[in-house]
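In: Below: sequence and its predicted model.
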Amino acid sequence: MKLLLNDSSVLLNLLATNLFREIATQAGWQFAICPAVLAEVDELRDEHSGELIPVDLSTYISSGLLQVLEITGDEEQTLYVAQTIVVDDGEAMSIAIAAHRHLELAIDDKQAANHTRRTFPEIRLWSTPEILKHWCEVGGADPQTLQSAIRLIETRSRYFPAKSHPLATWWQSARGPD
């Protein structure tokens with residue numbers, strides 16, 4: 001099973017679906033985060049009131065659905081510090097670990113993704129729409145479940161793929177009409 005390192009934006013989107021356990025077990029990845037992302041993933045919006053509510057990752061971590069990967073060694077530490085000049089802390093630590101360990105990386109921030117593509121073109125990047133589409137293809141999520149997941153992401157984490165995203169049309173079609 002491949003390890004997929006997640007930045008906070010993607011992890012929050014997946015958690016917003018209320019289907020993280022299903023996605024994690026059916027998509028064929030072992031999901032992982034770094035300590036900086038663990039510190040950033042603290043709140044999501046309530047789907048009804050819109051109020052921010054705390055996120056607790058402890059059950060996912062203790063069950064093994066989500067691993068926490070620490071920075072190890074001088075080389076990763078140096079890579080991490082170098083990335084903090086360009087991107088936020090969680091993105092920088094995620095990029096450094098993914099680059100050093102040759103892991104795939106889930107990241108939605110356009111600036112961070114572009115920086116990663118330029119600096120570490122060997123890293124396979126995944127976005128929230130790509131992960132959901134992959135989950136549907138390999139896990140067999142039905143259209144109603146996918147529609148609900150997309151709508152919850154939009155409501156709870158306020159994520160909408162850019163119109164220029166390769167899967168923007170797929171996302172709109174899968175979410176259905178308003």
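Out: Received the coordinates, thanks. Residues are numbered from 1 along each chain as shown.

In: For Leu11, pull up the helix or strand it's in.
Out: helix 8-16 (DSSP states H and E).

In: where does that helix sit relative to the chain's centre, distance-wise?
Out: 5 Å (CA atoms, centre = their mean, to the nearest Å).

In: What are the contacting residues of the next helix or strand after it?
Out: Using DSSP H and E, the helix or strand that follows helix 8-16 in sequence is helix 20-26. Residues outside helix 20-26 that contact it (CB atoms under 8 Å, 6 or more residues apart in numbering): 14, 17, 31, 60, 65-66, 131-132, 135, 138-141. Heads up, the C-betas are built off the backbone N, CA and C, glycines and all.

In: how about the nearest residue to Gln67 once chain neighbours are set aside, phi and psi?
Out: Sequence neighbours aside, Ala32 is the residue nearest to Gln67 in space, at 4.2 Å (criterion: CB to CB, 6 or more residues apart in numbering). When read as degrees, to the nearest 10, the backbone of Ala32 gives phi -140, psi 160.

In: Show the contacting residues for Ala32.
Out: Ala32 neighbours (CB under 8 Å, 6+ apart): Leu3, Leu4, Leu5, Asn6, Leu66, Gln67, Val68, Leu69, Leu103.
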